[in-house]
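Asker: no letters, just coordinates:
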């Protein structure tokens, strides 16, 4: 059953498209499928299908890394947050993404890439044991299907607005398009489409931002109108009034923002989420793998210009957004498109939106099919089959993942702000995983069973925190603030249990930990540097520090 307000909103959002807009959209779909057919010719082994044969340069994997994240939650969700929480939404980028992306590139990516693992759960198998691998593989697979549902639901919303189709029909057709090009070309198809989609997304969102600012009188006019809105002056600041959770739109204390979002949620997502890490693992050598998230960090710093600013514009142009009887916060971008864009430009913008959702869902599905095939089926069900068997299974898992995503799209339909839903999922699955990872990476004494029990209890603690909040037993104010504290709780419980279990069990010998723990290098791994890799402007440390400094500087006008 589709909630009544969704069908109402879809009718209200019907866009005034003409044949030119449809032509632009058709050209995009033909290009997407063409890339899938072209990539199919390079698929000879399961490594080609799941990791692009580890052959791609850093600029390709970096843009794909970012594009894979520019899904429904980024475009619709961050604009929705702009309406609901104001300028404070930039925390999700400048403290809640870039520092963790830099840490991934400088510190963690060498362990992933040089150990030749095919996934994050595979790394956990080698560092801990098969039980930890299986637990993480199952939770990751569930999370990817749920997040794929978010992207699919948002994709269907735009299809419904464009064509006037019922939500369920839009979901099925949208799923079929993504399924076609991922099944055809595997990760290579997804990555090359993601690079193209990155530019298509910007081409669609930049006109919305520019015309929106013109409509409200520029930056000064927007600021004046936000002050007169429900958010008021606090809606224009990122850090002001965060000394009290009751005095800012986020309803969060600065401690929750720094530790909950900036550390646990952020590092938990960016450093352990295989849907993004997979792009780095497809790079051609260690330096390219390290540069992958750092290349992505620079455009990531600027994305608020095309998500948060449109959210603020929608706040002042559509006073009923998020109100009883009005459209959901999630509709901010589509409403702006319908109000501001002329035909032709509208077609580009709709194509950009569809590109963002397809990129996000393709990342979820390509991550799901890899982990299901390698970390669940091959590791724990059928271990010694020919490579062709796993290649075929990967394609079948892609079909299964998309079918399951259709079901979870209906779950996403029940949330007024899909970003809140996504952050809840991250607090469940990514926050405890980060605790297990970071302790296991820097403490060689941590034992195999400490990895398993820490991860399990941390995940259960996050669920318990959320259930108690929804039941009214714990009061965290806003749902978003509840995810900050839930993530922190999961991290602490995981860490404490990991330490206790470690002290009661026997560690692995150092010989089994080489290349998997900080300070224990593996001399058997050959240097894979290419000509030019030693140049300072290709240094992950130099570029990473630059990204963090730039992120801090961007905060200055919005403190």
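Answerer: Structure's in. What do you need? Keep in mind it's a predicted model, so treat the numbers as computed, not measured.

Asker: report the distance from the lengthiest helix in the chain to the chain centre.
Answerer: Using DSSP state H to define each element, the chain has its longest helix at helix 167-215. With Cα atoms, centre = their mean, to the nearest Å as the basis, helix 167-215 stands 14 Å off its chain's centre.

Asker: next SSE after it?
Answerer: helix 218-227 (DSSP states H and E).

Asker: which strands and helices lie in contact with that following helix?
Answerer: Secondary-structure packing of helix 218-227 (3 or more Cβ pairs under 8 Å, 6 or more residues apart in numbering; DSSP states H and E): helix 304-317. The way it works is simple: take the backbone N, C-alpha and C, and place the C-beta from them, glycine included.

Asker: pLDDT of the longest helix of the chain, averaged?
Answerer: The average pLDDT within helix 167-215 is 83.

Asker: number of nearby residues for the residue nearest to residue 207 when sequence neighbours are not counted?
Answerer: Distance criterion Cβ to Cβ, 6 or more residues apart in numbering; nearest residue to residue 207, sequence neighbours excluded, is residue 345 at 5.2 Å. For residue 345, the count of nearby residues is 19 (other Cβ atoms under 10 Å).

Asker: for residue 384, phi and psi?
Answerer: phi -120, psi 50 (degrees, to the nearest 10).

Asker: number the chain from 541, please
Answerer: Shifting the count to begin at 541 puts that one at residue 924.

Asker: separation between it and residue 676?
Answerer: Using Cβ to Cβ, to the nearest Å, we find residue 924 at a distance of 23 Å from residue 676.

Asker: which of the two has more neighbours?
Answerer: Neighbour comparison, residue 924 and residue 676: the larger count goes to residue 676, with 31 against 6 (by other Cβ under 10 Å).

Asker: that one reaches residue 667, doesn't it?
Answerer: No: here residue 676 does not reach residue 667: they are 11.0 Å apart, not a contact under Cβ atoms under 8 Å.

Asker: quick check: closest non-adjacent residue to residue 909.
Answerer: residue 937 (4.1 Å).

Asker: mind listing what's buried along the host helix or strand of that neighbour?
Answerer: Using DSSP H and E, residue 937 sits in helix 927-952. For helix 927-952, the neighbour count (16 or more other Cβ atoms under 10 Å) marks 930-931, 933-935, 937-938, 940-942, 944-946, 948-950, 952 as buried.

Asker: taking helix 707-755 as reference, get the angle to it.
Answerer: Per axes from the mean of the first three to the mean of the last three Cα atoms, to 10 degrees, the angle that helix 927-952 makes with helix 707-755 is 70 degrees.

Asker: before we move on, the earlier item: measure the residue nearest to residue 747 to residue 743 for me?
Answerer: 9 Å.

Asker: now do the contacts for the closest residue in space to residue 1077 that isn't next to it in sequence.
Answerer: Counting by Cβ to Cβ, 6+ apart, residue 1077 lies nearest to residue 1083, which is 7.6 Å off, once chain neighbours are set aside. By Cβ atoms under 8 Å, 6 or more residues apart in numbering, the residues touching residue 1083 are 831, 834, 835, 1077.
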